[in-house]
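Chemist: turn this into a structure:
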Amino acid sequence: MKQSLALLGLVGAVLAASSAARADFNTIQASGPAGIRSITRRANGHLIGLRSSGAELEVWSSSTNGAGWYRLGTVASSSTVQYGDPMVCRKPNTSTIYCAFREFVNGLYTITICRSDNDGVGWVYDSNIVVGQNKFVGAPWLVIINGNLQCYYDSEPDAQAAGSPGGQWIVMRERVGLTGSWTTKAKVTVAREPNINTPCREGMASVVDLGGGRMMCVTEGIEAVASGGARANVVRSVQSFDSGRTWGSRQIVYQSFIHSGSGKRFNAYCPQAIRVGNGPVWVTFCTDENFPGPPDPSNMNVLQRRSHIKYVRTLQTFESWSGTTNIWTQSSQNYAPGLYERASNDVIVVIDQFFGNQRVMVP
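Modeler: Down below sits the predicted model:
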C-alpha cells in the first residue's frame, strides 16, 4: 500500500510540476475592487459584479472590460447582518438585473433575491428563497431557463430532513416566469450522494445552459471514500436533460493526487463554470496541489488555506475533461475565482485575493 501511495505521489508530483511549468494568465488588474465570482454585462455595455464587505453588499462596474472598476452603488447594508455569496443575473436584452445572496443574523441563515430595474444603479427587495434556518443555506446561483428564473443553493436543512445530518446538498427552486412564488413548482434535489449514509458536502454550485434543455451544474464536494483518514475537496458535475426538472448521476470534473507522505489527497474547491464560444465548458477552481504536503484540511478557513487558481475544460463531450491549466500560481492566498466571457472566446478571470483586492486576468 505504501508503495502504491508513493507511486501515486510521484505521478502526481510530475503532473503538478508539468502544470506549474505553464505560464499563468496575464494580469489586467493586479489589485483593487472588482465583482467577485459572478460577473455579467449591463445594458449600457459595462460589466457589473458584487462583493461583500460583511455588513454591506457593494456594486462595482467596469467600463474597461474588467481592467478597472468604479463603485456603482449598494444592494444592502446593515450593522446587524452579515452578507455573503452574492451573484448577479441579467434578464436578456433589458435593464433588469437580479442578484442573490446569503444573509446571516442572530444565528440564522436566509437567502434573499434583490432586483434592479435601472441597470444596476438602484436595488429593491424581490423575494426570499428560504428564511431563518439554523442550519446553513447559502451560495445561491441564479439562471434563466426557458423564461423561468431558477435558484440553486447549498442546503444543510434538506440533507438533514432526508436523514443525512451533517450533510449538505444542492437544491433548486424555480419560478414560473421571473416573478411570483418560488413554491409553485416542487423543490428539486440537484446534487447529493446516492447513498444517504455516505458523507456528502455539496456546495458552491454554478449552472451552465448547454442548449436544448441540457444543463450542467458544477459543485464543490468531498471524497466519497476518505484518503489518509480525511475527505479532500473534489470538483464534480451533474447534468440535466429536461431543463433542470431531474438530474442524473454525478461525475468527477477534477480531483487532485494523493500526497505520498500522509496518504491524503490534495484539494480542488470553490469552482465556477461557464460555456465558452458555444463550445467547451470551462471550470476554474482553487487547489493546494503545488504546495508541500500534507494537504490542507477541507474545512480550514479560506484565509488560512494555501491555493493556486487553475482551470479544466471539456473535450470531445461534456463528460470528458482536460488536464489543468494554470491561471494564477504566484501567491498562496486566493479564493472564489470567477469566469466571464466578454465576447465569443474572450474570457476574463476575477480572483478574490482578500482585504479588498481582486485580481483580473486574461489568457
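Chemist: surely Asp159 is within a strand?
Modeler: Check again: residue 159 is Ala, not Asp. No - the assignment for Ala159 is helix, going by DSSP: H, G, I helix; E, B strand; the rest coil, so no strand is present there.
Chemist: that one against Pro199, yeah?
Modeler: No - in this structure, Ala159 is not within contact of Pro199 by C-beta atoms under 8 Å, at 10.4 Å. For every residue, glycine as well, the C-beta is placed using N, CA and C.
Chemist: the more surrounded of those two?
Modeler: Ala159 (25 against 17; other C-beta atoms under 10 Å).
Chemist: skip the chain neighbours and tell me the closest residue to the more buried one.
Modeler: Gly167 (3.4 Å; C-beta to C-beta, 6 or more residues apart in numbering).
Chemist: contact partners for the one you found?
Modeler: The neighbourhood of Gly167, defined by C-beta atoms under 8 Å, 6 or more residues apart in numbering, consists of 156, 159-160, 192-193, 199-201.
Chemist: ramachandran angles for it?
Modeler: With angles defined as degrees, to the nearest 10, Gly167 sits at phi -90, psi 170.
Chemist: what about it, distance to Met300?
Modeler: Distance, Gly167 to Met300, by C-beta to C-beta, to the nearest Å: 19 Å.
Chemist: same question for Pro140.
Modeler: 24 Å.
Chemist: same question for Thr40.
Modeler: 31 Å.
Chemist: helices of the stretch 1-150 of the chain, residue ranges please.
Modeler: Assigned by DSSP state H, counting those that start in this stretch, the helices in the stretch 1-150 of the chain fall at 2-21.
Chemist: okay, now the unreliable bits of it?
Modeler: 1-22 (pLDDT under 70).
Chemist: would you map the strands across it?
Modeler: In the stretch 1-150 of the chain, the strands defined using DSSP state E, counting those that start in this stretch lie at 26-29, 39-41, 47-52, 56-62, 70-77, 82-90, 97-105, 108-116, 124-133, 137-145, 148-155.
Chemist: out of the ones you listed, which gets nearest to Asn334?
Modeler: Ranking the strands of the stretch 1-150 of the chain by their distance to Asn334 (criterion: C-beta to C-beta) puts strand 26-29 first, at 12.8 Å.
Chemist: what's that closest one packed up against?
Modeler: Strand 26-29 sits against strand 358-362, with contacts defined as 3 or more C-beta pairs under 8 Å, 6 or more residues apart in numbering; DSSP states H and E.
Chemist: for the strand it packs on, which strands pair with it and how are they oriented?
Modeler: strand 26-29 (antiparallel), strand 346-352 (antiparallel) (DSSP bridges).
Chemist: out of those, the one nearest Gly211 is which?
Modeler: strand 346-352 (19.1 Å).
Chemist: go through that closest one and flag the buried ones.
Modeler: 347-352 (16 or more other C-beta atoms under 10 Å).
Chemist: would you turn these into JSON lines with pLDDT and distance to Gly211?
Modeler: Shown next, in JSON lines, are the buried residues of strand 346-352 (pLDDT from 0 to 100; distance: C-beta to C-beta, whole Å):
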{"residue": "Val347", "pLDDT": "98", "distance to Gly211": "19"}
{"residue": "Ile348", "pLDDT": "98", "distance to Gly211": "23"}
{"residue": "Val349", "pLDDT": "98", "distance to Gly211": "24"}
{"residue": "Val350", "pLDDT": "98", "distance to Gly211": "26"}
{"residue": "Ile351", "pLDDT": "98", "distance to Gly211": "29"}
{"residue": "Asp352", "pLDDT": "98", "distance to Gly211": "30"}
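Chemist: closest to Asn65 among the residues you listed?
Modeler: Nearest member of the buried residues of strand 346-352 to Asn65, counting by C-beta to C-beta, is Ile348, at 7.3 Å.
Chemist: surely the closest one is in contact with Asn26?
Modeler: No - counting by C-beta under 8 Å, Ile348 stays clear of Asn26, with 10.4 Å between them.
Chemist: common neighbours of the two, please.
Modeler: 361-362.
Chemist: between Pro140 and Met300, which one's more packed in?
Modeler: When Pro140 and Met300 are compared for neighbours, Pro140 comes out ahead with 25 against 13, by other C-beta under 10 Å.
Chemist: wait, what's in contact with the closest residue to the more buried one other than its chain neighbours?
Modeler: Distances taken as C-beta to C-beta, 6+ apart put Ala100 closest to Pro140, at 3.8 Å, once the chain neighbours are dropped. Residues near Ala100 by C-beta under 8 Å, 6+ apart: 85-87, 89, 111-113, 129, 140-142, 151, 153.
Chemist: just the buried members of the contacts of Gly167?
Modeler: 156, 159, 192-193, 199-201.
Chemist: thank you, goodbye.
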